[in-house]
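In: A predicted structure for the sequence below; I have some questions about it.
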Amino acid sequence: MYHDFTITVKELSPDPSPLHKHPYFELIYVMTGSGLHHINANGYRYEKGNLFLLTPEDLHTFIPETLTIFCIVDFTKN
């Protein structure tokens, strides 16, 4: 990431995303869809309207049950 923040809309089909982490903060808003979100070995159900805040050390993955669309804001401490 070369800017202090970026905003993207991402679509995730019903396949798990790989377990990963980012070197920045991430705010994830669920626009549509449902499934499981694993954060640091804890599982959370997600659905439309949920909001997640991830820190640079959080290890996470999504396991969508339905087609899911996220609005994602990535940002640094700056």
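Out: Perfect, thanks for sending it. Numbers count the residues shown, from 1 in each chain.

In: Could you report the distance from the residue nearest the centre of the chain to Ile7?
Out: Nearest to the geometric centre of the chain sits Ile28, at 4.8 Å (CA atoms, centre = their mean). Distance, Ile28 to Ile7, using CB to CB, to the nearest Å: 11 Å. Where C-beta positions appear, they are placed from N, C-alpha and C, glycine not excepted.

In: shared neighbours of the two, anything?
Out: Shared contacts of Ile28 and Ile7, defined by CB atoms under 8 Å, 6 or more residues apart in numbering, are found at 71-72.

In: Now stretch 9-16 - C-alpha only, PDB.
Out: Written as PDB, here are the backbone C-alpha positions of stretch 9-16 (Å, rounded to 0.1, in the frame of the first residue of the first chain):
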ATOM      1  CA  VAL A   9     -15.100  -3.300  -3.100                       C
ATOM      2  CA  LYS A  10     -14.400  -7.000  -3.300                       C
ATOM      3  CA  GLU A  11     -16.600  -9.900  -4.300                       C
ATOM      4  CA  LEU A  12     -15.900 -13.300  -2.700                       C
ATOM      5  CA  SER A  13     -17.600 -16.500  -4.100                       C
ATOM      6  CA  PRO A  14     -18.400 -19.400  -1.800                       C
ATOM      7  CA  ASP A  15     -14.800 -20.600  -1.600                       C
ATOM      8  CA  PRO A  16     -12.500 -19.900   1.400                       C
END
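
In: And the contacts of it?
Out: Contacts for stretch 9-16 (CB under 8 Å, 6+ apart): 31, 33, 35, 61-72.
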